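Novice: coords please:
(one chain, ligands or ions: 2)
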Amino acid sequence: MKPEDLGYNESLEKYRVEHNLGGFEAGRVVAAHKERYIVRTAEGEFEAEITGHLRFTAKTREDFPAVGDWVAVSPFDSGLAIIHAILPRSSVLKRQAVGSSAEVQVIAANIDYAFLVQAVDRDFNVNRLERYLTICHASNVQPIIVLTKTDLIDRTRLEGIIQSIKARIKDVPVIAISNETRSGFKELQAFIRKGKTYCLLGSSGVGKSSLLNNLSGRGIMRTDAISRSTSKGRHVTTHREVVLLESGGILIDNPGMREVGIADSSGGLETTFESIAQLAQKCKFKDCTHTAEAGCAVLAAVEAGEIDRASYENYMKMAREKSHFEATVAERRKKDKAFGKMIRNIKKDIRKREE
Ligand SMILES: Nc1nc2c(ncn2[C@@H]2O[C@H](COP(=O)(O)OP(=O)(O)OP(=O)(O)O)[C@@H](O)[C@H]2O)c(=O)[nH]1
Ligand SMILES: [Zn+2]
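Specialist: Ligands and ions are numbered 1, 2, ... in the order given. Here you go, the predicted model:
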């Protein structure tokens, strides 16, 4: 298999050469579990660990390899390799970790396109689509909306749903398919290009697995589980989270993908609701919350019907979640800082006493 088949490209190769990584092989992380990785290179598949240097210089979880990452590796034994560096990511899909720590988890890296999957029956909800769009914009992933289960409703109802999406979401392709009748698959396939990386985002039960099965046909790469003993003697089983589609596209599918929420969507909110963000600059007060202020340009536009009220409410809800998330992170950083200072003071005291 050529690295290009896994999505390797010229800018990655340029980086590898320019940063003196030419002596290593380029590989793509196809599975990650704790600090154990499965890396696929042109030569084959390796079970890999990161160098001590990478581990000790890592400041956050984002400094560790994730599924989809391109890494510089050196094989050292049959089937074993060391990861020396992570090549620059074109996109990072993350989510806020469960719990109160507000730590960000990297779900996958280097995804080009996300299929935002929604069923046209009971799951259908434009607010949820906007939520996924926000994540895509924050992550630098191109969205494509896929409506499933179109066999369950009639043509008129489907047209109505598509219209209601287009009224609120501009410039994002909408494809309607059925996993049962396979209608719409030709149109969908036209969006899948060789060497590009995709993922599926959507609630449980909307038809993501069925879609994946219909797309992959033969040539699926993760049919068997990987089970090897680790250097520490443990025996673990991992599933490859990268699937090669028949059309040459690469699909990343892992459990974290199914729990994507809002995390650190710097700029994401603004891109999704561009018109709201632009209006917000025209508000009378700089710190306008767009809830009740006089001279609020956003409220005025909602009143005038220039902005959809549902979009406005969704925007406000996400803005609140985002600021809550950022506050939690700031709070934790402050605590970490105070703790670090305390430790330094204790050490100083000990040194003084020893003198
Ligand atoms: N009628 C109809 N049923 C579908 C379609 N796509 C999926 N289903 C059914 O919907 C159910 C859920 O489909 P899945 O593909 O498992 O959904 P999923 O999104 O992978 O769900 P999770 O694994 O929970 O995330 C299954 O019973 C499918 O047979 C469709 O296009 N039409
Ligand atoms: Zn305002």
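Novice: Under the pLDDT cut-off, which ranges of the chain? List them.
Specialist: 96-103, 217-239, 258-272, 325, 329, 339, 342-343, 354-355 (pLDDT under 70).
Novice: Who are the packing partners of whatever helix or strand D349 lives in?
Specialist: Counting by DSSP states H and E, the element that carries D349 is helix 309-354. When contacts are defined as 3 or more C-beta pairs under 8 Å, 6 or more residues apart in numbering; DSSP states H and E, helix 309-354 sits against helix 126-139, helix 268-272, helix 274-280, helix 297-303. Where C-beta positions appear, they are placed from N, C-alpha and C, glycine not excepted.
Novice: starting at the chain centroid, how far to that helix?
Specialist: 24 Å (C-alpha atoms, centre = their mean, to the nearest Å).
Novice: okay, the angle between that helix and helix 126-139?
Specialist: Helix 309-354 runs at 40 degrees relative to helix 126-139, counting by axes from the mean of the first three to the mean of the last three C-alpha atoms, to 10 degrees.
Novice: Which parts of the stretch 51-200 of the chain are strands?
Specialist: For the stretch 51-200 of the chain, the strands defined by DSSP state E, counting those that start in this stretch cover 70-77, 80-86, 92-96, 104-109, 113-119, 142-148, 174-176, 197-201.
Novice: Out of the ones you listed, which gets nearest to F191?
Specialist: Closest of the strands of the stretch 51-200 of the chain to F191 is strand 142-148, at 5.7 Å (criterion: C-beta to C-beta).
Novice: what pairs with that closest one, and is each one parallel or antiparallel?
Specialist: strand 113-119 (parallel), strand 174-176 (parallel) (DSSP bridges).
Novice: Ranking the ones you listed by mean neighbour count, which comes first?
Specialist: strand 113-119 (a mean of 23; mean count of other C-beta atoms under 10 Å).
Novice: How far away from the center of its chain is that one?
Specialist: 13 Å.
Novice: Could you confirm whether the helix holding D349 reaches ligand 2?
Specialist: No - contact between helix 309-354 and ligand 2 is absent, the nearest approach being 10.6 Å (criterion: C-beta under 5 Å from the ion).
Novice: Now do that helix against strand 104-109, angle only.
Specialist: 120 degrees.
Novice: Excluding covalently adjacent residues, which one is nearest to L152?
Specialist: Nearest-residue entry for L152: D121, 5.2 Å, with adjacent residues in sequence omitted and distances by C-beta to C-beta, 6 or more residues apart in numbering.
Novice: For that neighbour, which residues are in contact?
Specialist: D121 is in contact with K149, L152, I153, counting by C-beta atoms under 8 Å, 6 or more residues apart in numbering.
Novice: hmm, back to that, and the strands of the stretch 51-200 of the chain as CSV, adding distance to S275?
Specialist: As requested, the strands of the stretch 51-200 of the chain are exported to CSV (distance: least, C-beta to C-beta, whole Å):
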stretch, distance to S275
strand 70-77, 36
strand 80-86, 37
strand 92-96, 26
strand 104-109, 28
strand 113-119, 20
strand 142-148, 18
strand 174-176, 19
strand 197-201, 24
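Novice: Tell me which of those strands sits nearest to K14.
Specialist: Comparing the strands of the stretch 51-200 of the chain by C-beta to C-beta, strand 70-77 comes nearest, at 12.3 Å.
Novice: May I have the strands that pair with the closest one, each with its orientation?
Specialist: Strand 70-77 pairs in its sheet with strand 25-33 (antiparallel), strand 80-86 (antiparallel), by DSSP bridges.
Novice: now the next helix or strand after the first one and strand 25-33, what's the angle there?
Specialist: Spelled out, that is strand 25-33. Using DSSP H and E, the helix or strand that follows strand 25-33 in sequence is strand 36-40. Per the same axes, to 10 degrees, the angle that strand 36-40 makes with strand 25-33 is 140 degrees.
Novice: near ligand 1, which residues of the stretch 51-200 of the chain show up?
Specialist: Within the stretch 51-200 of the chain, the positions near ligand 1 by C-beta under 6 Å from any ligand atom are T148, K149, D151, L152, S178, N179, E180.
Novice: For the fifth one, give me its contacts.
Specialist: This means S178. Neighbour list for S178: T148, K149, T150, D151, G184 [criterion: C-beta under 8 Å, 6+ apart].
Novice: ok, it to V206 distance?
Specialist: 12 Å (C-beta to C-beta, to the nearest Å).
Novice: re earlier: what is the nearest of the contacts of D121 to ligand 1?
Specialist: K149 (3.8 Å; C-beta to the nearest ligand atom).
Novice: surely that closest one meets A176?
Specialist: No - judged on C-beta atoms under 8 Å, K149 makes no contact with A176 at a distance of 9.6 Å.
Novice: Residues that sit against both of the two, list them.
Specialist: V120.
Novice: The stretch 151-300 of the chain: helices as residue ranges?
Specialist: 155-168, 185-189, 208-216, 268-272, 274-280, 297-303 (DSSP state H, counting those that start in this stretch).
Novice: can I get the ones you listed in a markdown table with mean neighbour count and distance to A319?
Specialist: Formatted as a markdown table, the helices of the stretch 151-300 of the chain follow (neighbours: other C-beta atoms under 10 Å; distance: least, C-beta to C-beta, whole Å):
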| stretch | mean neighbour count | distance to A319 |
| --- | --- | --- |
| helix 155-168 | 13 | 17 |
| helix 185-189 | 15 | 33 |
| helix 208-216 | 18 | 28 |
| helix 268-272 | 20 | 6 |
| helix 274-280 | 17 | 9 |
| helix 297-303 | 18 | 11 |
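Novice: out of those helices, which comes closest to N20?
Specialist: Nearest of the helices of the stretch 151-300 of the chain (C-beta to C-beta): helix 268-272, 34.7 Å.
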